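**Q** generate coordinates for the sequence data below:
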Amino acid sequence: MKRHTPLLMFVFLAAGAAAQEAPRKANFTVSKETTYATGPVGPDGRIDYATALNDRLGKGITPTTNFNVVVWKTFGPKPEGGDGMPAEFFRFLGIEEPPEKGEYFVDLGKFMRDQLEIEDPELREEIDAQVGRAMRRPWPAKDHPYVADWLKANQKPLDRLSEGTKRPHYFNPLTPRKENDGTSSLVSSLLPAVQKCRATATALTARAMLRLGEGKTDEARQDLLACHRLGRHLAHGATLIEGLVGIAIEAIAQRADVALLERPELTAKTLQAYRRDLQALPPMPAAADHVDLGERLSVLDVVMLVDRKGLGMIEDLAGGVPPNGVLPPGPVKDIDWDPALRKANRMFNRLAAAMRTPDRPKREEQLNRFDQELKDLKAGLIGSPEKEQAVANAFLGVGMTPAARGEVIGNVLICFLMPAVRKVQTAYDRSEQGQRNLHIAFALAAYQRDYGNYPKTLDALAPKYLDKVPDDLFTGKPLVYRPAEKGFLLYSFGPNGLDDEGRWYDDEPRGDDPSIRVPQPMK
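**A** Reported below is the predicted structural model:
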């Protein structure tokens with residue numbers, strides 16, 4: 001959640017005397033244009049957004065088809081410790097809560113502490129570094145014995161997870177904890193297993209490289225495919241967080257795949273078969289899918305939360321802006337939330353439509369206009385005593401109609417809560433470009449196995465090795481391809497549209513070109 005703004009600071013300072021009334025029925029219309037979800041409706045007349053979202057996401061998915069059931073059987077009831085998940089979470093999954101003790105996945109830090117009993121920070125740091133190397137290149141167990149021990153200890157959980165990724169669906173219920181007064185909000189939902197999945201992606205790719213070093217090529221391929229499926233499952237969750245974690249796991253798998261290209265024992269037939277396996281993977285969802293549903297309902301749910309618990313909730317959502325407590329808790333009277341809800345829905349409609357525009361330059365143009373609209377909206381709320389007094393009056397309920405109050409406070413919430421999608425969309429674009437590069441790279445390796453050298457141009461790959469050579473997603477022009485005697489460099493210009501000579505974020509100097517270089521450089 002974004003931190004507070006000067007606008008919110010001003011409101012909190014100015015609205016200390018805001019009067020609160022007794023609990024009341026909600027003052028908004030239930031409709032597709034306002035609340036978006038029209039049910040279920042609670043006893044107080046407000047939408048139960050958590051149930052509405054979970055019912056929609058989980059429709060037609062059973063415990064035997066849901067990959068997330070396997071995730072929780074892999075990690076146990078408390079992936080990150082703490083109090084665990086609400087009972088409602090497992091009810092939505094259709095399973096009993098996993099037992100406290102079981103043969104669960106153990107992350108590297110816990111393994112070093114509890115099983116290897118390593119306390120030396122320098123040694124722990126070195127083992128972490130070894131894992132990073134083990135994820136990228138084939139290796140024998142003797143080179144990284146601690147890493148090999150960690151993977152051996154997690155063999156059964158990893159096998160269970162790998163097999164589970166073959167399930168067709170992923171449903172991760174959002175189940176916020178209820179407070180003492182029975183209220184809850186989607187923005188408080190926990191995602192402990194999602195971040196934990198990144199550790200299993202690390203383990204799967206490290207194990208794939210170990211198996212590759214042992215000559216177990218098919219087993220290595222299966223681990224890498226499982227890692228791809230893991231990322232794609234998570235990316236189908238409701239939230240942008242799940243989408244970004246899924247993208248990160250996909251990137252981990254893509255980097256590890258490159259090690260296969262350098263294995264001389266892999267024939268053209270085998271390389272082409274793996275490329276077809278990659279093409280057959282379930283597609284990544286569009287970033288707009290998260291915005292259009294999960295993020296939309298989360299913002300609308302905040303409006304319900306503020307309506308239910310009072311304007312002081314904005315202070316809480318802003319991270320406790322000093323002076324804390326100037327806006328008392330409790331329902332607020334005389335606010336018509338329909339203008340705020342309608343405006344939020346219209347903005348989400350436009351944002352999702354812009355993100356779904358297939359032509360990238362046109363999409364960027366629409367997103368630029370949207371960003372400017374948000375800036376203009378914020379500029380209409382702050383910057384002069386008159387504007388800031390109007391906002392304060394809306395919070396205080398001074399000289400404004402209920403609809404006018406709802407519109408102004410809604411504008412504040414929109415500026416405060418609207419997701420910043422630019423970086424998210426760019427991450428999805430980079431992932432898509434990474435997939436394009438990877439398919440071309442496997443076709444190049446297959447060509448090299450057949451002819452003993454890499455082609456002079458990418459056009460030589462079609463139609464035998466690729467139906468069509470894809471262009472650079474970011475420029476719409478052909479990708480840069482530089483063959484060499486024993487390898488090649490293939491890259492896109494990346495989001496900045498500049499030729500960084502194939503350099504990536506971890507190169508010096510830095511670049512942002514999604515690239516594949518064979519042989520892989522030593523780093």
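**Q** residue 479: neighbouring residues, count only.
**A** If you count neighbours by other C-beta atoms under 10 Å, residue 479 ends up with 22. Where C-beta positions appear, they are placed from N, C-alpha and C, glycine not excepted.
**Q** now do the nearest residue to it once chain neighbours are set aside: how many residues are near it, please.
**A** Excluding the flanking residues, the one nearest residue 479 by C-beta to C-beta, 6 or more residues apart in numbering is residue 472, at 5.0 Å. Around residue 472 sit 20 other residues, with neighbours defined as other C-beta under 10 Å.
**Q** mind checking the SS state of residue 472?
**A** coil (DSSP: H, G, I helix; E, B strand; the rest coil).
**Q** my guess is it meets residue 493, correct?
**A** Yes: here residue 472 lies in contact with residue 493, judged by C-beta atoms under 8 Å, at a distance of 6.0 Å.
**Q** which neighbours do the two share?
**A** The contact sets of residue 472 and residue 493 overlap at residue 480 (C-beta atoms under 8 Å, 6 or more residues apart in numbering).
**Q** which other helices and strands does the lengthiest helix in the chain contact?
**A** Longest helix of the chain, by residue count under DSSP state H: helix 422-451. Helices and strands touching helix 422-451, by 3 or more C-beta pairs under 8 Å, 6 or more residues apart in numbering; DSSP states H and E, are helix 240-261, helix 268-279, helix 287-290, helix 360-379, strand 488-491, strand 515-518.
**Q** now render these as JSON lines, adding distance to residue 344 and mean pLDDT.
**A** Formatted as JSON lines, the helices and strands packed on helix 422-451 follow (distance: least, C-beta to C-beta, whole Å; pLDDT from 0 to 100):
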{"stretch": "helix 240-261", "distance to residue 344": "16", "mean pLDDT": "96"}
{"stretch": "helix 268-279", "distance to residue 344": "39", "mean pLDDT": "96"}
{"stretch": "helix 287-290", "distance to residue 344": "16", "mean pLDDT": "96"}
{"stretch": "helix 360-379", "distance to residue 344": "12", "mean pLDDT": "93"}
{"stretch": "strand 488-491", "distance to residue 344": "40", "mean pLDDT": "98"}
{"stretch": "strand 515-518", "distance to residue 344": "40", "mean pLDDT": "96"}
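**Q** export these as a markdown table, with columns for mean neighbour count and distance to residue 417.
**A** Shown next, in a markdown table, are the helices and strands packed on helix 422-451 (neighbours: other C-beta atoms under 10 Å; distance: least, C-beta to C-beta, whole Å):
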| stretch | mean neighbour count | distance to residue 417 |
| --- | --- | --- |
| helix 240-261 | 22 | 13 |
| helix 268-279 | 17 | 37 |
| helix 287-290 | 23 | 15 |
| helix 360-379 | 14 | 11 |
| strand 488-491 | 21 | 37 |
| strand 515-518 | 21 | 37 |
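**Q** make CSV out of those and add distance to residue 339.
**A** What follows is the helices and strands packed on helix 422-451, written out as CSV (distance: least, C-beta to C-beta, whole Å):
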stretch, distance to residue 339
helix 240-261, 26
helix 268-279, 48
helix 287-290, 25
helix 360-379, 13
strand 488-491, 49
strand 515-518, 49
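**Q** ok, back up a step: partners of whichever helix or strand comes after the longest helix of the chain, with directions?
**A** Counting by DSSP states H and E, the element after helix 422-451 in chain order, helix or strand, is strand 480-483. In the sheet, strand 480-483 lines up against strand 488-491 (antiparallel) (DSSP bridges).
**Q** can you pull the contacts of the spatially closest residue to residue 348 that is not a sequence neighbour?
**A** Spatially, and ignoring its direct neighbours in sequence, residue 348 is nearest to residue 296 (4.4 Å; C-beta to C-beta, 6+ apart). By C-beta under 8 Å, 6+ apart, the residues touching residue 296 are 36, 344-345, 348, 352.
**Q** now residue 188
**A** Here residue 188 is in contact with 176-177 (C-beta under 8 Å, 6+ apart).
**Q** which pLDDT value goes with it?
**A** Looking at residue 188, its pLDDT reads 87.
**Q** same question for residue 422.
**A** 89.
**Q** pull the contacting residues for it.
**A** By C-beta under 8 Å, 6+ apart, the residues touching residue 422 are 367, 371.
**Q** now do residue 129
**A** By C-beta under 8 Å, 6+ apart, residue 129 has no neighbours at all.
**Q** wait, is residue 199 part of a helix?
**A** Yes: membership of residue 199 in a helix is supported by three-state DSSP.
**Q** that one - how many residues pack around it?
**A** 19.
**Q** ok, the one 10 residues further on next?
**A** Around residue 209 there are 24 other residues, counting by other C-beta under 10 Å.
**Q** closest to residue 194 out of the helices and strands packed on helix 422-451?
**A** helix 240-261 (5.3 Å; C-beta to C-beta).
**Q** same for that closest one, what does it pack against?
**A** By 3+ C-beta pairs under 8 Å, 6+ apart, helix 240-261 packs against helix 192-213, helix 217-235, helix 268-279, helix 287-290, helix 422-451, strand 515-518.
**Q** returning to what we had before: relative to helix 360-379, how tilted is the longest helix of the chain?
**A** Between helix 422-451 and helix 360-379, the angle comes out at 160 degrees (axes from the mean of the first three to the mean of the last three C-alpha atoms, to 10 degrees).
**Q** for helix 422-451, buried residues please.
**A** 424-449 (16 or more other C-beta atoms under 10 Å).
**Q** got the angle between that helix and helix 268-279?
**A** Going by the same axes, to 10 degrees, helix 422-451 makes 160 degrees with helix 268-279.
**Q** from the contacts of residue 296, which land in helices?
**A** 344-345, 348, 352.
**Q** Produce a PyMOL select command limited to the buried residues of these.
**A** In PyMOL, this line selects whichever of the ones in helices among the contacts of residue 296 come out buried by 16+ other C-beta under 10 Å:
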select buried, resi 344+345+348+352
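**Q** from residue 402, how far out is residue 504?
**A** 54 Å (C-beta to C-beta, to the nearest Å).
**Q** before we move on, what about residue 83?
**A** In terms of C-beta to C-beta, residue 83 sits 40 Å off from residue 402.
**Q** same question, residue 142
**A** 74 Å.
**Q** next: residue 101.
**A** Residue 101 is 56 Å from residue 402, by C-beta to C-beta.
**Q** of these two, who's got more company?
**A** residue 402 (16 against 8).
**Q** quick one: residues contacting the nearest residue to that one once chain neighbours are set aside.
**A** The spatially closest residue to residue 402, leaving aside those adjacent along the chain, is residue 336, at 3.9 Å (C-beta to C-beta, 6+ apart). Counting by C-beta under 8 Å, 6+ apart, residue 336 touches 27-28, 401-403, 405-406.
**Q** can I take it that residue 336 is in a helix?
**A** No: secondary structure of residue 336 (three-state DSSP): coil, not part of a helix.
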